[in-house]
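J.: give the three-dimensional model of this entry:
(2 chains)
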Amino acid sequence: MRIIAVAQNTFRESVRDKVLYVLLFFAASTILGSKAIGWISIGQDIKVMKDICLASVLLFGVLIAIFVGTTLVHKEIDKRTLYTILARPMRRYEFILGKYLGLGWLLGLVTAVMTVAAALYIVALGGGVDLVFFEAALLIYWELLLITAFAILMSSMTSPILGALVVFSIFVLGHGTRILADLPRQFDDVAGKRALELLYYVLPNFSNFNLLREAANSVPVSGAYVGWAMLYGTIYSVFLLAAASAAFERKDM
Amino acid sequence: MRRLAAMALAAVAAFGSMAAIQHRLDSMRSPQPEDELLYLPNEHLLEHFTAGMSGVIADLLWIRCLVYTGKHFRGDHDFTWLNHLCEMTTRLDPYFVDAHRYGGVFLAMLRADDDACIRLLEKGMVHNPDAWELPYEIAMTYLLNRPNQPDSPEQAARYLAMAIKTGKAPQYVLVLAEALQRDYNLLEVEREMWESMRGSDDALLRDLAERKLILVELRVACGNMDEAAARYAAERGSPPKAIDDLAAAGLIAALPQDPLGGSFFIDAERHVRNTSVLDEQVERARSVLRGGIDAFRQNHGRWPANLEELETSGGMDGLPRHPYSGRAWQYDAAKGAVE
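T.: Numbering: from 1, shown residues only, chains lettered A, B, ... in the order given. Here you go, the predicted model:
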């Protein structure tokens, strides 16, 4: 119950954040402008629109998760409201989970609004939207939840600017971890090859959530794949939230 | 009011001076070299560091590829970076069928690099097995870019069969595949093609495949009996007078059955024929003639006076021969009908 109260408060607080509306404005502009890029692609306008719309949902969702997520805990400390909250009968991990849930709800709302708006826009311009489009949006949301977990972890450990930089780097590198599993032949005799391959399984693999190409080209994706990817994201997020709670428990305030 | 005017004046002055400076800067910089494409990162690495935006980057690269192709097509016809752009685009989005297809066409037709074209299209087929366009373009590359290569027709026929196997190829691909297989007697390829179509979910396609497979077997039987007739002529010094002579001489076990109700016979040119096969060829040839007659009427406002007028008017390169030896087309100039 206390977790829900913090989550509701975080949701209300985040909805009032001006950064959210600035990012949503840019996301809407990009989605509406996707048609212009589609025009010059010679007969591929719907494919290009789908690509750009879903990429906008992902990119602006990530920016919201990072900019809002990395300031969540720090803001409470800065405004000294955290002392009032923790003076009540509330465990620190409940506070972290509440913050995570609140931002998760906000991202769910933002993702749903952007996805439905993009789908309606594509349909209005003569395109078709199939199941894989919504599967891609669902996995984007799951990716955002994982990034939020990283943001909350950073927020409980470091400053917002450093946290934002670290999380954004994790987002970029997390899409490229496949390179560790596909090491070129030059690495065959290198002792560290096994360590790098092991690292592939330890680092977050955001490519698991990336169905953008499939959605843009209407390539069907099985529900089982979506389910496994969601399970992967859930386990990783739970681990990160546990780490964030542990870090926050030890934080000297 | 005065303040507003001053602000407007200041804005005009600021943007005016910036435009002048921009113009100066543009003239000072040399035009962007095409070799900038050389600095595009290796596609293997690029794929890993797109932060999930590989589809969008592929779209932008494809647009760049179209601009590059258009510019050089109207200019120096130097397409040095075309293959690199196509490879990168399709690596970033392996489901991008049109980038594979038109990239392949550009490579074959503009850069005359049919090896790169076939490589790109084959790579696309791995990721897009349902795209009929990719094997179709490979077939076209074999036919158009490698006409002198002995196995080109067979390769083209094989890829056309793959295009048909997707179940999505349009009618003209089917017609082309059939013509190619007939002209080059590629029975195995044809059999493979109809066998795959027999597994279609569409009842009409299944029925068509069943019938076509029977016709293939009838043509095989005709070929076998032709060889038997040649042996008969060599042994006895004269060709067989009737088809039953082959069975009587023990050169064939028995006369094959025709499930379509037709019969075998030896024509005036001493070849073994089957009426079902010939009737089907008559239908196809008549369709070609009807098309020519209709086109003639559209262009001249009347039916041709005779079939030869289709040739003399330049509407058709040649009239299809009647498949039955010794028969001719019956043409009704009043109705434009041909039988």
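J.: please count neighbours and contacts with C-alpha atoms only from this point.
T.: Will do.
J.: do you know how far residue A:181 is from residue A:207?
T.: 13 Å (C-alpha to C-alpha, to the nearest Å).
J.: quick one: contacts of stretch B:54-71?
T.: Here stretch B:54-71 makes contact (C-alpha atoms under 8 Å, 6 or more residues apart in numbering or on different chains) with A:40-41, A:48, A:51-52, A:55, A:212-213, A:216, B:47, B:50, B:79, B:82, B:85-86, B:88-90, B:92-93, B:99, B:106.
J.: contact residues of the stretch 51-200 of chain B facing chain A?
T.: Residues of the stretch 51-200 of chain B lying near chain A by C-alpha under 8 Å from any C-alpha of the partner chain: B:51-56, B:59, B:62-63, B:66, B:93, B:95-96, B:98.
J.: residues near residue 131, how many?
T.: This is for chain A. Neighbour count for residue A:131, taken as other C-alpha atoms under 10 Å in any protein chain shown: 12.
J.: that answer is for a different chain, and I need it for chain B
T.: Neighbourhood size, residue B:131 [other C-alpha under 10 Å]: 22.
J.: now do residue A:172
T.: 16.
J.: roughly how far apart are it and residue A:107?
T.: 19 Å.
J.: same question, residue B:126
T.: Residue B:126 is 37 Å from residue A:107, by C-alpha to C-alpha.
J.: swap in residue B:132?
T.: 40 Å.
J.: tell me the backbone dihedrals of whichever residue of chain B sits closest to chain A, please.
T.: Minimum separation of chain B from chain A (C-alpha to the nearest C-alpha) falls at residue B:48, amounting to 4.1 Å. Main-chain torsions, residue B:48, degrees, to the nearest 10: phi -80, psi -20.
J.: same deal with residue A:251?
T.: According to degrees, to the nearest 10, residue A:251 has phi -70, psi 130.
J.: next one: residue B:337
T.: Residue torsions, per degrees, to the nearest 10, at residue B:337 are phi -100, psi 150.
J.: and for residue B:5?
T.: Per-residue torsions, residue B:5: phi -60, psi -40 (degrees, to the nearest 10).
J.: just residue B:274 next, same as before
T.: Dihedral angles (degrees, to the nearest 10) for residue B:274: phi -130, psi 130.
J.: before we move on, the earlier item: wait, doesn't the residue of chain B closest to chain A sit right on residue A:180?
T.: No - look at residue B:48 against residue A:180 with C-alpha atoms under 8 Å: they stay out of range, at 10.0 Å.
J.: mind saving the C-alpha coords of stretch B:316-325 as PDB?
T.: Extracted in PDB, the C-alpha atoms of stretch B:316-325 (Å, rounded to 0.1, in the frame of the first residue of the first chain):
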ATOM      1  CA  MET B 316       3.500  -9.100 -83.700                       C
ATOM      2  CA  ASP B 317       7.000 -10.300 -84.400                       C
ATOM      3  CA  GLY B 318       5.800 -13.700 -85.700                       C
ATOM      4  CA  LEU B 319       2.600 -15.800 -85.700                       C
ATOM      5  CA  PRO B 320       2.600 -18.900 -83.400                       C
ATOM      6  CA  ARG B 321       2.600 -22.100 -85.400                       C
ATOM      7  CA  HIS B 322      -0.400 -24.400 -85.000                       C
ATOM      8  CA  PRO B 323       0.800 -27.100 -82.600                       C
ATOM      9  CA  TYR B 324      -0.900 -29.800 -84.600                       C
ATOM     10  CA  SER B 325       1.200 -30.700 -87.600                       C
END
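J.: check the offset of that stretch from the chain's centre.
T.: 24 Å (C-alpha atoms, centre = their mean, to the nearest Å).
J.: what comes up buried for it?
T.: Applying a neighbour-count criterion of 16 or more other C-alpha atoms under 10 Å in any protein chain shown, the buried positions in stretch B:316-325 are B:316, B:323, B:324.
J.: residue contacts, the last one?
T.: Under the criterion of C-alpha under 8 Å, 6+ apart, the contact list for residue B:324 reads residue B:278.
J.: please settle this for me: is it part of a strand?
T.: No - assigned with DSSP: H, G, I helix; E, B strand; the rest coil, residue B:324 falls outside any strand and is coil.
J.: so what pLDDT did the closest residue to chain B within the stretch 101-250 of chain A get?
T.: Distances between the stretch 101-250 of chain A and chain B by C-alpha to the nearest C-alpha are smallest at residue A:176, namely 4.1 Å. The model reports residue A:176 with a pLDDT of 81.
J.: wait, what's in contact with it?
T.: A:205, A:207, B:47, B:48, B:49, B:50, B:51.
J.: what's the closest of the residues you listed to residue A:139?
T.: Nearest to residue A:139 among these: residue A:207, at 10.2 Å, using C-alpha to C-alpha.
J.: contact residues of the stretch 151-253 of chain A facing chain B?
T.: Contact residues (C-alpha under 8 Å from any C-alpha) of the stretch 151-253 of chain A with chain B: A:171-179, A:206-207, A:210, A:212-214, A:216-217, A:219.
J.: now intersect those with the helices, please.
T.: Cross-referencing these against helices under DSSP state H gives A:171, A:172, A:173, A:174, A:178, A:179, A:212, A:213, A:214, A:216.
J.: which of those residues tops the neighbour count?
T.: residue A:212 leads those on contacts (other C-alpha under 10 Å) with 29 neighbours.
J.: could you report the pLDDT at that one?
T.: Predicted confidence (pLDDT) for residue A:212: 89.
J.: mind listing what it touches?
T.: A:51, A:54, A:55, A:133, A:136, B:52, B:53, B:55.
J.: mind checking which of residue B:48 and residue A:180 has more residues around it?
T.: A direct count of neighbours by other C-alpha under 10 Å for residue B:48 and residue A:180 places residue B:48 higher, at 21 against 18.
J.: in space, what's closest to that one - neighbours in sequence excluded?
T.: residue A:176 (4.1 Å; C-alpha to C-alpha, 6 or more residues apart in numbering or on different chains).
J.: circling back: which of the contacts of residue A:212 has the most neighbours?
T.: Among those, the one with the most neighbours (other C-alpha under 10 Å) is residue B:55, at 32 neighbours.
J.: quick check: it vs residue A:68, distance?
T.: Distance from residue B:55 to residue A:68, by C-alpha to C-alpha: 27 Å.
J.: sounds good, over and out.
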